[in-house]
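>>> structure for the following, please:
(one chain, ligands or ions: 1)
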Amino acid sequence: MIHKTFANLNHLWASALLEELYRWGVRDLCIAPGSRSAPLVMAAAAHQGFITHTHFDERGLGFLGLGIAKGTERPVVIITTSGSAVANLYPAVVEARQCAIPLIILSADRPPELIDCGANQAIPQPGIFANYPVTSINLPAPSSRIPLSFLLTSIDDALSSLISGPAGPVHINCMYPEPLYPAEQPLNANPLLEPLSRWLESETPYTRYHQAEIQVQTHQQWSQLRSDPGLLIAGQIDSPRQAKQLQEWARELGWPLLCDLQSQLAWEEGTLNSFDLNWQSPELQEQLSRAQVVIQFGARLLSKNLARWLTQRSWQHYWLIDPQQQRLDPDHLLSERFCSPVAQWLEAHPTESGNRAPSDLSSVELGLARLCREYFSRREFGELSAVWELSALLQGQLFIGNSMPVRLLDNLPLGGDGPARLMTNRGASGIDGLIATASGFARTSSQPTTVLIGDLSLLHDLNSLALTAESQAPLVIILINNGGGSIFRMLPVPNENRMRERFFELKHQLNARGAAQMFGLDYHQPDNLDDFSQTYQQALKTRGASLIELQIETAGCDELKALRQWINDAASR
Ligand SMILES: Cc1ncc(C[n+]2csc(CCOP(=O)(O)OP(=O)(O)O)c2C)c(N)n1
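Prediction:
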C-alpha cells in the first residue's frame, strides 16, 4: 500500500512507519492538528487502508483511541504534534496501561539540535510517559545514512511486546527536521527503497514475530478440586462470547456463579449479579458459606461487600484467571494465578458433568427482582429508579461512567435483553475522558450505544461532545445531573461548614442544555420516568447523538440506602 513518490525524506519515513503499523493490524488513526506531525498526517491521508479520526484536543483524542481499541480489539494509533500536545495524552496512556490496551502514540518531535535550547514548542518528549508505556522508542531524525530497514525493525521490535509481553501503550517519538511540507522537487526514493524489495512486494511486517502458543496446563489438583464445594466469581470479562462459555461451564460444574456488572453476564438469566443488595439473603449466605474454594475469572470487582467477605474467610484455594499480565490481587488472596484468556483456561479444566445438581441462585435474583419491581412501581423520579428503568430497556452497546452510575447498576437485579456488550474505564477508574472513550467505542459498532454518566464526569470531558457529532449509529448519553459528585455522600466525609459540598461534591447549578446545543446533540430533559422511558426508546431509534439529562435532586447513594432498608424490612414483613 506504500506509494512511490515522496515529498522528502520525512515523508518517506512517515509513510514506511505507517505502512508497517498497518501490517501489524492497525486500522484506525486518531489525529490532532499540528505542524511538526505534518509528515505523519500527510502519509496517513495518502494511505488507502486507514480509517482516520480527528479531534482538536489531544486529551480527548487519546481516550477516543482507547475506546476504538477496546471496541475493535485492535491496536490504535494516535498522532500528535510536539510539546504539551503529547503531555495531554497522559491520562489515556495511564488507562491504556492499567487495562492493557495497545494504544500506539506517535508523537512528532523536533530534531536533537532544537531540543533544550529554547526552540518553540519543544519539550523533552522521550520518556515523557515514564513507566506507563510497555515500550518507548525514540526514532532518530530521518537520514539517508540510516537504512529504512532500521526504521522497520525498530517498529517491529517495539510492537513485538504486544504479542509477547504485557499489552499496553507503546510510545514512538518521531523527530522530523524541516522541511515538513512538500517542496517543489520531490525526493527520488528509489535508491533508498531498493534494498526493501522483499518488504515492498509482501503485505507482512518486515520482521514477523511469532507468539509462543499459549498452553494452559490443567492444574494437577483440578480433578479432585472440582468435586469440592466452591464458588465462582465473574469479574471483568471483555468478551461476551467467552463470558457465555463461562456461564455454560459453571452450570455444568454446579458451583454458584456471582457476576460482577463488568462480566457481560449480569443480564443473563439464571445468574446472580445483585448479590450486593441481596447480601443478607439466607439462601445466598447458606450457599456462600459452603464454599471452600474460589475461582475468579477477570479482576477488578466492583462490590465492596463481596471483597470484604472474601478477605474475611480463609480459603483452601483462591484462583484468578485473567489474561492481563499484571498483579491483580488487591486483597492478597491468590493461591494460583493463571494469565490466560477465560476460554483457554476452561478448555483445560473440564467439568465432570452430571455429578451434582447445579447450584441455582436464580431464585435469589428473581426474589429480589420481584421486590424491586414492587418498590419501583411507585414511579418516583430519582437516580436509582431511572437506572432501573433504563436497565430493562437497554439495547446495543453500553458504556458506563465511573462513580455512582457503575455502582447503581451493579447493585440492581437486571432484567430485559441487556446490552450486547458492556464497557467501562475501570483501569484507573478516572472520571476523565469518559465521553471520548464512549465515542470511540460507539464508532466500532453499527448498533446503538448508550452512555450512562454523572455530571462532574461530563463536565470534565465536555469538549469531547464534539466527537459524538460524527456518530452514524444512535449514541445516547444519559446524564445523571445531581448537581455534583454525589459519591462523596456515600463516604464518611464530614460536612461541617458545608465542607463536603464545597470541597468534595463541588455542588453546582449547571445544566447541559447549552453544551448540547453547541455541539449539535438532540437534547431532552424528562422529569418523570414515563417520559424518560419514551424519550430513551425514541433516541435509540434516532441516528446521531442525543443527550438526555436527568436533573435529580436526590442522590443515588441515598436512594440505594433506602432501597436496601426496604428490602431488609421486606424480609421481616
Ligand atoms: C480524573 C479523576 N479525578 C477525580 C476523581 C475522584 N472522583 C471520583 S468520583 C468523583 C465525582 C464524580 O461525580 P459525578 O460524575 O457527578 O458522579 P456522581 O458521583 O454524582 O455519581 C470524583 C471527583 C477521579 N476518579 N478521577
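
>>> CA atoms for contacts and neighbours, from now on please.
Fine.

>>> point to the residue nearest the middle of the chain.
N425 (4.2 Å; Cα atoms, centre = their mean).

>>> if you check the stretch 201-350 of the chain against the ligand, which residue is the closest one?
The nearest approach of the stretch 201-350 of the chain to the ligand comes at L302, 13.8 Å away (Cα to the nearest ligand atom).

>>> what residues are up against the residue lying closest to that residue once chain neighbours are set aside?
Once flanking residues are discounted, L302 sits nearest to D260: 6.7 Å by Cα to Cα, 6 or more residues apart in numbering. By Cα atoms under 8 Å, 6 or more residues apart in numbering, the residues touching D260 are 233-236, 266, 273, 301-303, 410.

>>> and with 10 Å instead?
233-237, 266, 272-276, 298-303, 306, 410-411 (Cα atoms under 10 Å, 6 or more residues apart in numbering).

>>> kindly report the same for Q551.
Counting by Cα under 10 Å, 6+ apart, Q551 touches 381-383, 455, 479-483, 510-512, 525-527.

>>> narrow the residues you listed to those in helices?
Those of the contacts of Q551 mapping onto helices are 383, 455, per DSSP state H.

>>> the contacts of Q551, buried ones only, as a ChimeraX selection?
Restricted to buried positions by 16 or more other Cα atoms under 10 Å, the ChimeraX selection for the contacts of Q551 reads:
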select :381,382,383,455,479,480,481,482,483,511,512,525,526
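
>>> picking that back up, check what pLDDT the residue nearest to the centre of the chain gets.
Each residue has a pLDDT score; the one for N425 is 98.

>>> same question, W279
86.

>>> just the residues contacting whichever strand or helix holds P191, thanks.
Using DSSP states H and E, P191 sits within helix 190-193. Outside helix 190-193, the residues within contact range by Cα under 10 Å, 6+ apart are 4-5, 9, 12, 16, 144-149, 196, 199-200.

>>> which parts of that helix are buried?
The neighbour-count check on helix 190-193 (16+ other Cα under 10 Å) flags 192-193 as buried.

>>> tell me, how many residues neighbour V476?
Residues lying near V476 (other Cα atoms under 10 Å) number 28.

>>> what of E374?
Neighbour count of E374, defined by other Cα under 10 Å: 11.

>>> what's the answer for R443, then?
Residues near R443, counting by other Cα under 10 Å: 24.

>>> roughly how far apart are it and D417?
22 Å (Cα to Cα, to the nearest Å).

>>> among the contacts of D260, which ones are in helices?
Per DSSP H, the contacts of D260 map to helices at 306, 410-411.

>>> export the residues you listed to TSV and tack on neighbour count, distance to S546 and pLDDT?
Putting those into TSV (neighbours: other Cα atoms under 10 Å; distance: Cα to Cα, whole Å; pLDDT from 0 to 100) gives the following:
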residue	neighbour count	distance to S546	pLDDT
L306	17	36	94
D410	22	24	95
N411	20	26	94
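
>>> from the residues you listed, pick the one nearest N463.
D410 (28.4 Å; Cα to Cα).

>>> quick one: that closest one and C259, what's the gap?
Counting by Cα to Cα - D410 and C259 are separated by 9 Å.

>>> what does I146 give?
54 Å.

>>> more neighbours: which of the two?
Under the criterion of other Cα under 10 Å, the comparison of I146 against C259 puts C259 first, with 27 against 12.

>>> ok, the more buried one - contacts?
232-236, 247, 265-268, 271-275, 296-297, 301, 410.

>>> keep only those of those residues that are in strands.
Residues of these located in strands (DSSP state E): 232-234, 296-297.

>>> tell me where the stretch 401-550 of the chain has helices.
Secondary structure of the stretch 401-550 of the chain (DSSP state H, counting those that start in this stretch): helices at 404-411, 434-442, 455-460, 465-468, 499, 513-519, 529-540.

>>> can I get those in a markdown table with distance to A570?
A markdown table is the format used below for the helices of the stretch 401-550 of the chain (distance: least, Cα to Cα, whole Å):
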| stretch | distance to A570 |
| --- | --- |
| helix 404-411 | 17 |
| helix 434-442 | 38 |
| helix 455-460 | 33 |
| helix 465-468 | 43 |
| helix 499 | 36 |
| helix 513-519 | 40 |
| helix 529-540 | 24 |
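
>>> give me whichever of these is most buried.
helix 434-442 (a mean of 30; mean count of other Cα atoms under 10 Å).

>>> what's the average pLDDT for that helix?
On average, helix 434-442 scores 98.

>>> low-confidence ranges, the chain, go.
The chain contains residues with pLDDT under 70 at 1-4, 353-358.

>>> how many neighbours does Q185 have?
9.

>>> next up, the contacts around the residue nearest to the centre of the chain.
N425 neighbours (Cα under 10 Å, 6+ apart): 63, 66-67, 70, 95-96, 98-99, 399-402, 431-434, 437-438.

>>> which ones among these also lie next to the ligand?
Among the contacts of N425, the ones lying close to the ligand by the criterion of Cα under 6 Å from any ligand atom are 431-432.

>>> of the contacts of N425, select the buried ones using a ChimeraX command.
Per 16+ other Cα under 10 Å, the buried members of the contacts of N425 correspond to this ChimeraX selection:
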select :63,66,67,70,95,96,98,99,399,400,401,402,431,432,433,434,437,438
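
>>> narrow the contacts of N425 to those in strands?
399-400.

>>> may I have the host helix or strand of L152 exported as PDB, CA atoms only?
Assigned by DSSP H and E, L152 belongs to helix 148-164. C-alpha atoms of helix 148-164 as PDB (Å, rounded to 0.1, in the frame of the first residue of the first chain):
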ATOM      1  CA  LEU A 148      14.900   2.100   6.100                       C
ATOM      2  CA  SER A 149      15.200  -1.400   7.300                       C
ATOM      3  CA  PHE A 150      16.400   0.100  10.700                       C
ATOM      4  CA  LEU A 151      13.100   2.000  10.900                       C
ATOM      5  CA  LEU A 152      11.000  -1.000  10.100                       C
ATOM      6  CA  THR A 153      12.800  -3.400  12.500                       C
ATOM      7  CA  SER A 154      12.600  -0.800  15.300                       C
ATOM      8  CA  ILE A 155       8.800  -0.600  14.800                       C
ATOM      9  CA  ASP A 156       8.600  -4.400  14.700                       C
ATOM     10  CA  ASP A 157      10.700  -4.800  17.900                       C
ATOM     11  CA  ALA A 158       8.600  -2.100  19.700                       C
ATOM     12  CA  LEU A 159       5.300  -3.800  18.700                       C
ATOM     13  CA  SER A 160       6.600  -7.300  19.500                       C
ATOM     14  CA  SER A 161       6.000  -6.500  23.100                       C
ATOM     15  CA  LEU A 162       2.200  -6.500  22.300                       C
ATOM     16  CA  ILE A 163       2.300 -10.200  21.500                       C
ATOM     17  CA  SER A 164       4.900 -11.500  23.900                       C
END
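
>>> what separation do you get for I78 and A85?
11 Å.

>>> do P133 as well
17 Å.

>>> same question, L456
24 Å.

>>> can you pick the most crowded of the ones in strands among the contacts of C259?
Greatest neighbour count in the ones in strands among the contacts of C259, by other Cα under 10 Å, goes to A234: 27 neighbours.

>>> that older thread, hey, what's in contact with both of D410 and C259?
266, 273-275.

>>> just the buried members of those residues?
Buried by 16+ other Cα under 10 Å: 266, 273-275, out of those.

>>> export those as JSON lines, with columns for distance to the ligand.
Shown next, in JSON lines, are the buried ones among the shared contacts of D410 and C259 (distance: Cα to the nearest ligand atom, whole Å):
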{"residue": "A266", "distance to the ligand": "20"}
{"residue": "N273", "distance to the ligand": "20"}
{"residue": "S274", "distance to the ligand": "19"}
{"residue": "F275", "distance to the ligand": "21"}
